[in-house]
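Student: would you be able to build a 3D model of this:
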Amino acid sequence: MATLELSEPVFAETIDNNEIVILDFWAEWCGPCKAYGPVYERVSEEFPNVVFAKINTEEQPELGRMFNIRSIPTTIAFKQQIGVFMQPGALPEDALRDLVKMLETLDMDEVREEMKKINDAESE
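Tutor: You can find the predicted model right below:
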């Protein structure tokens, strides 16, 4: 699957309707973003069941603000509608591939249980 250009109107729908979504926040003027783009595209071709989406921070500033993006590129990953990874800077190709493999095997019941423990502790 090729990468998608994602905009605010379809953002929530994309997260809600896909098991794994990986986001690349970028901008046209950003040199590291231009270098990361082909890597991101290549890895996306290897995982047809994963949605790889690109968000242009110049065209979609509200999404950048929603995630408090301070540095681009920034990669964010969701599994089952839960944000589980955020990393500023371009990921090396092998690291991006390893991230996808980790996401595929990530036990979301454990993640939800850990989130519940944290929330419970914070509300005490």
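
Student: let's test this: mean pLDDT of stretch 48-60, rounded?
Tutor: Averaging pLDDT along stretch 48-60 yields 95.

Student: quick check: buried residues in it?
Tutor: 50-57, 60 (16 or more other CB atoms under 10 Å). The way it works is simple: take the backbone N, C-alpha and C, and place the C-beta from them, glycine included.

Student: looking at these, which is nearest Glu93?
Tutor: Phe52 (13.2 Å; CB to CB).

Student: tell me which element the closest one is part of?
Tutor: Per DSSP states H and E: Phe52 is located in strand 51-56.

Student: which other helices and strands contact that strand?
Tutor: Counting contacts by 3 or more CB pairs under 8 Å, 6 or more residues apart in numbering; DSSP states H and E, strand 51-56 packs against strand 4-5, helix 8-16, strand 20-26, helix 31-46.

Student: with respect to burial, which of the ones you listed scores highest?
Tutor: strand 20-26 (a mean of 24; mean count of other CB atoms under 10 Å).

Student: what is the orientation angle of it with helix 31-46?
Tutor: 160 degrees (axes from the mean of the first three to the mean of the last three CA atoms, to 10 degrees).

Student: quick one: list the elements packing against strand 20-26.
Tutor: Packing partners of strand 20-26 (3+ CB pairs under 8 Å, 6+ apart): helix 31-46, strand 51-56, strand 74-79, helix 93-105.

Student: what is the rounded mean pLDDT of that strand?
Tutor: Strand 20-26 comes out with an average pLDDT of 97.

Student: any weak-confidence spans in this protein?
Tutor: Scanning the chain for pLDDT under 70 picks out 1-2.

Student: if you set the cut-off to 80 instead, what comes out?
Tutor: Applying pLDDT under 80 to the chain picks out residues 1-2, 124.

Student: backbone phi and psi for Trp29, please?
Tutor: Backbone torsions of Trp29, given as degrees, to the nearest 10, read phi -80, psi -10.

Student: residue contacts, it?
Tutor: Glu58 (CB atoms under 8 Å, 6 or more residues apart in numbering).
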